[in-house]
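Trainee: below are the sequence and a predicted model for it; my questions follow.
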Amino acid sequence: MDHDEFKSGDGRFPATRWSVIAAVRSEDDADRKRSLDTLCETYWKPVYKYVRLRWNRSAPDAQDLTQGFFIEMLERELLNRFDGSKSRLRTYLRLCVDSFVMNEDKAARRQKRGGEVQHLALDFAGAEEEISGGTIDAAAIASPESLEEFFETEWLRSLFALAIEDLRTLCSERARDRDFQLFERYNLDGDNEISYAQLAQQYGIAVSEVTNGLAWTRREFRRLALERLREICGDDDEFQREARTAFGRNAG
C-alpha cells in the first residue's frame, strides 16, 4: 500500500477514518462494538492505572472497575454526550471514570456483570508490571492539573506502544525486520551513546543503510501513530490539537 494513501488532500494529516464517535452513534451493532474495541485498545491501561493510583484501589478492584467502565460506556451511551467543542475526548473519558467510580462507591457494591456480557481480554498483569516498574507517586497526582498530566502521559504511552506494534507488523510484512531492529536499538532502547556508525558496524551494513532505514521507520511510526490517533478523536479540530500534543507544533 502506498504511503500517500494515508495523506489528506493537503498532505499534512492522514486521511479521515470513521472515528469512534461516529461508530458509537451508528445503528449497526458491529460498528458500535468496533468503537468499544478501539477505545479499549488505546485507553484501558490509562484508565486502569488512573483508577489504581488516583482512587487508591487494589489490583482486583481496579480490574473490575476498568472492565465495568468500558461496558457501562456503551450501555449508557456515554459517547453520545461527548461535545468536542467543550473538551478533548480523553479529558471527557477521565471525568466519566471519576463519575463511574464515585457512583460505584455510593452504591457500596461492585456491580457484577455476568450472564450475556463478555468481559474484555485485557493484560492487567502487564499493566501492573508497568506500575511497579515506574516511579509514579499516587500522592503527586491529586491536583486537577497533575491528574490531567498523568492521564495524558499514560494516553501517549498507550498510543505510541500500539503504533510501535503496528510498525513491527509492517516491517515484518515488508521484509524490513532489520530496519525495525535498528529503530529499536536507536530510538527505543534508551542508549544515548549509540551512533549510526556503531549500528552499521554491528549489522555489517553501510552507514547510508542505517540512515535510510531509520528515516523510513520514523516516518512510518509517525504515520501509524497519527492514523490511530485520528480514529480516537471526535473531529478534525480535536485531531489536530491532539497531534500537536503528541508530536509538537510540526505534527503535520
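Mentor: Structure's in. What do you need?

Trainee: quick one: pLDDT of residue 123?
Mentor: Per-residue pLDDT puts residue 123 at 76.

Trainee: where does it fall, phi/psi-wise?
Mentor: phi -90, psi 70 (degrees, to the nearest 10).

Trainee: same thing with residue 204?
Mentor: Residue 204 adopts backbone torsions of phi 70, psi 40, taken as degrees, to the nearest 10.

Trainee: residue 57 now?
Mentor: phi -100, psi 150.

Trainee: for it, which non-adjacent residue is spatially closest?
Mentor: Leaving out its chain neighbours, the residue that sits closest to residue 57 by Cβ to Cβ, 6 or more residues apart in numbering is residue 51, at 5.5 Å. C-beta coordinates here come from the backbone N, C-alpha and C atoms, glycine included.

Trainee: would you double-check that that neighbour falls in a helix?
Mentor: Yes. Counting by DSSP: H, G, I helix; E, B strand; the rest coil, residue 51 is part of a helix.

Trainee: I figured residue 49 hits residue 128, correct?
Mentor: No. Assessed by Cβ atoms under 8 Å, residue 49 is found out of contact with residue 128, at 9.3 Å.

Trainee: which of those two has more neighbours?
Mentor: residue 49 (25 against 16; other Cβ atoms under 10 Å).

Trainee: not counting sequence-adjacent ones, nearest residue to that one?
Mentor: residue 154 (5.5 Å).

Trainee: same thing with residue 188?
Mentor: Excluding the flanking residues, the one nearest residue 188 by Cβ to Cβ, 6+ apart is residue 164, at 7.3 Å.

Trainee: what secondary structure does the spatially closest residue to residue 239 that is not a sequence neighbour sit in?
Mentor: Nearest non-adjacent residue to residue 239, counting by Cβ to Cβ, 6+ apart: residue 233, 4.0 Å away. Assigned by three-state DSSP, the conformation of residue 233 is coil.

Trainee: thought residue 233 was touching residue 242?
Mentor: Yes. Here residue 233 reaches residue 242: they are 5.7 Å apart, a contact under Cβ under 8 Å.

Trainee: run through the stretch 1-150 of the chain and note the low-pLDDT ranges.
Mentor: For the stretch 1-150 of the chain, the stretches flagged by pLDDT under 70 are 1-18, 108-121, 133-145.

Trainee: again, only using 50
Mentor: The stretch 1-150 of the chain contains residues with pLDDT under 50 at 1-17, 110-111, 113-118.
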